[in-house]
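K.L.:
got a predicted model here, sequence first, then my questions.
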Amino acid sequence: MELREYGAILVRRWQLILVVTVLTLAASALMLAFGPQSYKSEIRLTVSVKPEPKLGNYFTYDNYYTWLSTEYLVDDLGEVIKSDAFTGAVSQRLGGMFVSKDSLNRNLSTKKTHRILTVTVTTNNPHHSFLIAQAIKDTLNETAAEYFAQLDTTGGVIRVLDEPSAQAEMSRSRILLEILLRGSVGLLAAVGFAFLLNYLDPSVRGAREAEQLLGLPVLAEIPR
């Protein structure tokens, strides 16, 4: 099949392609504009360990082991925050008024970048996201030593770099991009459906196709 025939199929089915694409764009816009919104609140924090005091004027590896300990603590802290013990403590601090331990486990995620740990809380309520993140920060500040004895014995410190603040998970530019992406998927699906209908349609649509099917020359053709 030549490119001209592909183009003819698209021209013949342009109404179908247009309708499906427009409906996809409209449905996507309505879902993103009036559907359930997600809000996230992030905390960025770091764990540092004070180096041991230098006893003499000679080279040691104290700083190396200090940085290594910090790496390990940040790795472990990300897992501790998602543990049942820690989420249970956060839920108890909030009085269980709107979040349980199980739901907090589902709405909580952690990400490590170098020695910085980012804790993200995602809910459908901006106020709840902020309160949960604030409770996580307070729980870390007050009871971190219960999970890591090293924080007491080695002078470890958990420092919050960015205070929690709730914001919509998807910005306006991200929503617009999402609508365009879904519209593109709808357009591709409509094009594929148009070719499928053309394949299933047994009609003869021109002199050229009649000659190919019958193996006989066309002597005359009735115009539209």
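P.N.:
Perfect, thanks for sending it.
K.L.:
now the residue positioned nearest the centre of the chain, nearest residue through space, not along the chain?
P.N.:
The centroid of the chain falls nearest to Glu169 when counting by Cα atoms, centre = their mean (8.7 Å). Closest residue in space to Glu169, ignoring its immediate chain neighbours: Ser38 at 4.1 Å, by Cβ to Cβ, 6 or more residues apart in numbering. For every residue, glycine as well, the C-beta is placed using N, CA and C.
K.L.:
got it, and Val119?
P.N.:
Ile43 (4.6 Å).
K.L.:
quick check: mean pLDDT of the one helix or strand the one you found maps to?
P.N.:
Using DSSP states H and E, Ile43 maps to strand 39-49. What strand 39-49 shows for mean pLDDT is 83.
K.L.:
give me the buried stretch members for the longest helix seen in the chain, please.
P.N.:
If you go by DSSP state H, the chain has its longest helix at helix 172-200. Residues of helix 172-200 classed as buried: 179, 182-183, 186-187, 190-191, 194, 198 (neighbour count, 16 or more other Cβ atoms under 10 Å).
K.L.:
ok now the helix or strand following it, how far from the chain's centre?
P.N.:
Later in the chain than helix 172-200, the nearest helix or strand by DSSP H and E is helix 207-214. From the chain centre to the centre of helix 207-214 is a distance of 52 Å (Cα atoms, centre = their mean, to the nearest Å).
K.L.:
what does stretch 134-151 give?
P.N.:
28 Å.
K.L.:
tell me the first helix or strand C-terminal of the strand holding Ile43.
P.N.:
Strand 39-49 is succeeded, C-terminally, by helix 62-81 (DSSP H and E).
K.L.:
hang on, the earlier thing: the residue nearest to Glu169 touches Ala168, doesn't it?
P.N.:
Yes: Ser38 is within contact range of Ala168, at 7.5 Å (criterion: Cβ atoms under 8 Å).
K.L.:
was I right about the residue nearest to the centre of the chain contacting Glu42?
P.N.:
No: here Glu169 does not reach Glu42: they are 10.6 Å apart, not a contact under Cβ under 8 Å.
K.L.:
just checking, next helix/strand downstream of the helix or strand bottoming out on mean pLDDT in the chain?
P.N.:
In the chain, the helix or strand scored least confidently by mean pLDDT, DSSP states H and E is helix 150-153, which has a mean of 56. Counting by DSSP H and E, the next helix or strand C-terminal to helix 150-153 is strand 156-162.
K.L.:
with that, I have no additional questions.
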